[in-house]
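**Q** Model the structure of this input:
(2 chains, ligands or ions: 4)
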There are 2 protein chains.
Amino acid sequence: MKKILIVGGVAGGATAAARLRRLSEEDEIILFERDEYISFANCGLPYYIGNVIKDRQKLLVQTVEGMSKRFNLDIRNFSEVIGIDPVNKTVEVKNHQTGETYSETYDKLILSPGAKPIAPPITGLAEAKNVLTMRNIPDTDKIKAVVDSGTVRRAVVIGGGFIGVEMAENLQELGVNVTLVEKMNQILKPLDFEMAQLVHQEINANCVNLILEDGVDHFQKQGSEVVLESGKVLEADLVILAIGVIPENGLAKKANLKCGPRGHIVTTKDYQVLNAENDTVYPDIFAIGDVVEVIDFVTKEQTAVPLAWPANRQGRLVADYINGKTIKNLGIQGTAVAKVFNKTIASTGNNASQLDMKKIKYQVVVAHRANHAGYYPNSTNIALKLLYDPQTLKIFGAQAVGQDGTEKRIDVIASAMKMGATVLDLQDFELSYAPPFSSAKDPVNILGYIAENIEDGIYKTVQWNEIDEIVAKGGFLLDVRTPVEASAGAIKGAVNIELDTLRERIGEITVSKDDPIYVTCQVGQRAYLAICILKGHGFKNIYNLAGGYSTYKTAHY
Amino acid sequence: MKKILIVGGVAGGATAAARLRRLSEEDEIILFERDEYISFANCGLPYYIGNVIKDRQKLLVQTVEGMSKRFNLDIRNFSEVIGIDPVNKTVEVKNHQTGETYSETYDKLILSPGAKPIAPPITGLAEAKNVLTMRNIPDTDKIKAVVDSGTVRRAVVIGGGFIGVEMAENLQELGVNVTLVEKMNQILKPLDFEMAQLVHQEINANCVNLILEDGVDHFQKQGSEVVLESGKVLEADLVILAIGVIPENGLAKKANLKCGPRGHIVTTKDYQVLNAENDTVYPDIFAIGDVVEVIDFVTKEQTAVPLAWPANRQGRLVADYINGKTIKNLGIQGTAVAKVFNKTIASTGNNASQLDMKKIKYQVVVAHRANHAGYYPNSTNIALKLLYDPQTLKIFGAQAVGQDGTEKRIDVIASAMKMGATVLDLQDFELSYAPPFSSAKDPVNILGYIAENIEDGIYKTVQWNEIDEIVAKGGFLLDVRTPVEASAGAIKGAVNIELDTLRERIGEITVSKDDPIYVTCQVGQRAYLAICILKGHGFKNIYNLAGGYSTYKTAHY
Ligand SMILES: Cc1cc2nc3c(=O)[nH]c(=O)nc-3n(C[C@H](O)[C@H](O)[C@H](O)COP(=O)(O)OP(=O)(O)OC[C@H]3O[C@@H](n4cnc5c(N)ncnc54)[C@H](O)[C@@H]3O)c2cc1C
Ligand SMILES: Cc1cc2nc3c(=O)[nH]c(=O)nc-3n(C[C@H](O)[C@H](O)[C@H](O)COP(=O)(O)OP(=O)(O)OC[C@H]3O[C@@H](n4cnc5c(N)ncnc54)[C@H](O)[C@@H]3O)c2cc1C
Ligand SMILES: CC(C)(COP(=O)(O)OP(=O)(O)OC[C@H]1O[C@@H](n2cnc3c(N)ncnc32)[C@H](O)[C@@H]1OP(=O)(O)O)[C@@H](O)C(=O)NCCC(=O)NCCS
Ligand SMILES: CC(C)(COP(=O)(O)OP(=O)(O)OC[C@H]1O[C@@H](n2cnc3c(N)ncnc32)[C@H](O)[C@@H]1OP(=O)(O)O)[C@@H](O)C(=O)NCCC(=O)NCCS
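**A** Ligands and ions are numbered 1, 2, ... in the order given. Sure thing, here's the model as predicted:
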């Protein structure tokens, strides 16, 4: 019989506890949770504010009582673990209800304390009454009380990450006038800029006032005015501070556990923690969830992914390890999805900005394809961007913005990545097809097809942010859309020859056969057909503008 | 320059033509189509009848004129290829508009003639005016005319395959009184019986009169009465005969090309046809699409999969091969999906009946999981069944019936299969999660988890169709649902001990520790928790009823 202590009773902690009990009926398992609630639906909180989830009870996936009984656990809520002695294998616990402090021994200790909202020392924050953050049920109750009081006409959400965007949407849907403030030039960092622009459009279309490239300078009038760095003053009855999370590492620091550059606990492949001084592994202390550094599945570098899937997965894995099973740590891709009004945004792996930062070379594939057969009602476009390694052809990552069926394509690609797929493998994925669900060539297959053509040297690609300079320097850009399309908006300097007349009008292209020609259309597909014709006529150095005018236009939105 | 002839201008043929042109601007490409239309949306036809697709024009994905121009093709519609001379490399063509017959030489010949509805010599069929089949636009125009005439109050659809079921739905939605007749004890053969029962329920709930295990004996009164083998007489203003398709192999047979047992053209891995007499390969004649035999991806045996994905894929592959590229023939899984009223039915690979027939041993995994977080509105159940090889753990196939997100899980599994995944690999698929889309443990992950527990020997499984006999023979079946649940319906002979009281009441289980115990609950999850407790108390031989009472009850629906 082992005695196992768990710190933190939600995604990672509760999952570990349940699995531990399933693997051993006799172990003593004590779960410490600082707050009242365990096992709640963090991810549902914004939707409870928005009244999408109407019943507060529903947020409690498990209760202390229910879970204790079912899994025969000793669950101690209101109990904060305030110290660890890794040598004597004890923890110090503070009971917040009684004020009492006591110590508890362990054979194994699992830390899953999560991450907390960043709250920097902004001037006026301390005095502000209406600036709130959201992590747990008490936070949510506070926000809900303010919102339900009927006094919130204007809200400011600071930070365009997933939580900020979800909060902006939910408040807006309640009829509140919402301003979303983001310091970078885009929201939702897992997306590359031009993909994020699609979300910016959606947010503006839904009357959220989106302010990019501006940050909070200070709060004034007890938070009823948010002053931005630009000097702009926003009036606010409620401010949600959602500029990101930092690992809840106080306990780890105090116990001198090794932490990474951004404060995450560093672990071995088996999730064991290390001594900060000398890197000795503490074989009986494990850390999982938002608080830890993980291995980036793609680059194998250290990173952090504060999402529920990794926390849940790791919770089960440590329980297995503690019970003597061999576990595999494959690293984390950071697959994520969010609903933003009528759009679905999904991504997996690394995006171009991340790869650029790491100086990793990649090839881009962009497609805009219908989610299901165009002739079947309500077909909508999915913008897809995939990045792969031009050497190994392994997939680095993918992003998608669309409606129905958007995250399906990312899930397929994420799974393919885990199986070590190359971009060409996507061609052979036999995906289900009937008109309401897809096309006989699924968008995922198309990504594989486009990549094959690039790898076969049929064309090279040029990106939306490169083409203007190329044209300015005299590059020849051929736009093969119809004149009607071109007249409704085109890239400056493009020469319009409609695809279906290109064979006859090929003589109008006076560029030498070895000089680069850049070709575009609405999304890249007709440009590709034009490229095949150009190749047939001896042109050798042809570029397709990835994503065509559609991507270009969105990026310049 | 090559001269390439293509027979058949729809899924396989048109795709091959487009790709051929893209790969070579100079080849001469002639596409023969017997009918008026090329490149139409076969799969959309039932929805046009049902007025879901309102505009007939939308069914024409490409026109003869548009496609000729864009791809510089010589498209000859109303032109039937009526003979092939593989030695002299010519075909004989009949122009149905002029009546003229001529011959055409080729360097390469691609056959994509498709498959046609089975129309057996049923008594009264010849005299029947209102018995129609559906394959192409003219067929559809005929059905549409009858339906639009306003005379159809009662329709009989014969055959419960995808097309039959789609037609039944579409006619029903128009307000027609529909009877669907199927000779087997279930519709939709890719599903195992208990999964098909979910669809039977849905069809009945939508007021289609479903008749199973009965076939058409004959038609009388010019088809206005359908007499079944049971003697039952159905009155019908319209009868749709949809009992399956057979390969359109007339031309192949005439040219003495090798065909398989069910009449499909046999090909090499590169889709080349063979001489029926001596198996010599005709290296310049290719066959693709519904007309060919394919390799079953799972069993590597010969099979046939008359679906659009394979036809499209093969169309591209032969074009590549003809242009000197090396191609891979990985075999076909038969991934399929259909919408049936409010349900989505999807499957990939082999099901249990198919594996049984081939005497292949398999392990079953069943799960019933919510498509997205239960606390987020409109979450619905997905019934999932997965089969894998107990030796290699490779996945044989999977089936799913549910609503939103159903085919997503099958697409993920289908892709995993193509990458050679084992069932345990599913655990590590990092799928996108936010409350509107999934749970932090996706149903696909759960399938991997259940399989791991089975492989770890925590429990064995027993199926819905085995349990009654086991109990009858004195087997101990423990039902761990609440008494309220159990009183609302339970398996005969089950002993009810609620999970959360099992630890205290363990003494009530008097079975010896080595004797088998069978455990069940609503879906199998609580039974698993009970099994863990039983194991902790020394029981060694424990079975979980796969899918629990939910699967059992549906199967006995
Ligand atoms: C509003 C919101 C929306 C989200 N939406 C999504 C989403 O859509 N998709 C997604 O994948 N992820 C989402 N997340 C992230 C997801 O909830 C986390 O990744 C996940 O919960 C992390 O699990 P964890 O176990 O590491 O930490 P948590 O689930 O945060 O649990 C940690 C627990 O430990 C307790 N604790 C901390 N220190 C101590 C201590 N010393 N003693 C005792 N107890 C302690 C805390 O009180 C806390 O309850 C969201 C998060 C929030 C806040
Ligand atoms: C009503 C209906 C619904 C369907 N729904 C789906 C679905 O939802 N999902 C799915 O995956 N599949 C579906 N299918 C199946 C799919 O349409 C076929 O698998 C696919 O079209 C096969 O492509 P093919 O090129 O082999 O044959 P086809 O697309 O049938 O094309 C063959 C063409 O060849 C022509 N032809 C035949 N012989 C000759 C000759 N001697 N000379 C000249 N021309 C000739 C025929 O006239 C025909 O137009 C559906 C089919 C039908 C009929
Ligand atoms: C509630 C909670 C404790 C449940 O943990 P859990 O029991 O591990 O997870 P689930 O309820 O999904 O059950 C999965 C288990 O049931 C088993 N199971 C599921 N369906 C089954 C079936 N039909 N037959 C047999 N076993 C089944 C699985 O194998 C798995 O067990 P295993 O891990 O031992 O293999 C935990 O998920 C939690 O706290 N969630 C809320 C917090 C959270 O995650 N927040 C972030 C997202 S909002
Ligand atoms: C219409 C039809 C002729 C089109 O064939 P197609 O041109 O091969 O297919 P698509 O229109 O999907 O285009 C795919 C091609 O465009 C390319 N492409 C798509 N988007 C692109 C983009 N953004 N940039 C560059 N290339 C792109 C792909 O690489 C692929 O070309 P490749 O095969 O040479 O690699 C054929 O699909 C057809 O006849 N369909 C109707 C019949 C049918 O399938 N029925 C059954 C289902 S209802």
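**Q** How about A:Asp515: what's its closest non-neighbour residue?
**A** A:Asn541 (6.3 Å; C-beta to C-beta, 6 or more residues apart in numbering or on different chains). To be clear about C-beta, it is placed using only N, CA and C from the backbone, and glycine gets the same treatment.
**Q** thinking the one you found is in contact with A:Pro516, fair?
**A** Yes. The criterion here is C-beta atoms under 8 Å, and A:Asn541 meets it with A:Pro516 at 4.7 Å.
**Q** Would you mind naming what in chain A lies close to ligand 1?
**A** Neighbours of ligand 1 within chain A, by C-beta under 6 Å from any ligand atom: A:7-13, A:32-35, A:42-43, A:45-46, A:80-81, A:112-114, A:134-136, A:163, A:248, A:251, A:289-291, A:306-309, A:311.
**Q** Which parts of the stretch 201-350 of chain A are helices?
**A** A:250-254, A:308-322 (DSSP state H, counting those that start in this stretch).
**Q** Looking at the residues of chain A next to ligand 1, which are in strands?
**A** Under the assignment DSSP state E, the residues of chain A next to ligand 1 contribute A:7, A:32, A:80-81 to strands.
**Q** what about burial for the residues you listed, which qualify?
**A** Buried residues within these, defined by neighbour count using 16 or more other C-beta atoms under 10 Å in any protein chain shown: A:7, A:32, A:80-81.
**Q** need the helices of the stretch 201-350 of chain A in JSON lines with distance to A:Pro443, mean pLDDT and mean neighbour count, can you?
**A** Formatted as JSON lines, the helices of the stretch 201-350 of chain A follow (distance: least, C-beta to C-beta, whole Å; pLDDT from 0 to 100; neighbours: other C-beta atoms under 10 Å in any protein chain shown):
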{"stretch": "helix A:250-254", "distance to A:Pro443": "43", "mean pLDDT": "98", "mean neighbour count": "17"}
{"stretch": "helix A:308-322", "distance to A:Pro443": "23", "mean pLDDT": "98", "mean neighbour count": "25"}
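**Q** for those helices, which one sits closest to chain B?
**A** helix A:308-322 (3.8 Å; C-beta to the nearest C-beta).
**Q** Report all helices and strands that the closest one contacts.
**A** In terms of contacts (3 or more C-beta pairs under 8 Å, 6 or more residues apart in numbering or on different chains; DSSP states H and E), helix A:308-322 is packed against helix A:11-23, strand A:108-111, strand A:281-287.
**Q** and the first one, what does it pack onto?
**A** If contacts are counted by 3+ C-beta pairs under 8 Å, 6+ apart, helix A:11-23 sits against strand A:3-7, strand A:28-32, helix A:64-71, strand A:108-111, helix A:308-322, helix B:525-536.
**Q** helix or strand for whichever residue of the stretch 351-500 of chain A sits closest to ligand 3, which one?
**A** Among the residues of the stretch 351-500 of chain A, A:Glu407 lies nearest to ligand 3; the distance is 16.0 Å by C-beta to the nearest ligand atom. With secondary structure defined by DSSP states H and E, A:Glu407 is part of helix A:406-418.
**Q** How far off centre is that helix?
**A** The chain centre lies 14 Å from the centre of helix A:406-418; the measure is C-alpha atoms, centre = their mean, to the nearest Å.
**Q** check whether the helix or strand following that helix contacts ligand 4.
**A** Downstream of helix A:406-418, the next assigned helix or strand under DSSP H and E is helix A:443-455. Yes. Helix A:443-455 is in contact with ligand 4 by C-beta under 6 Å from any ligand atom, via A:446, A:449-450, A:453.
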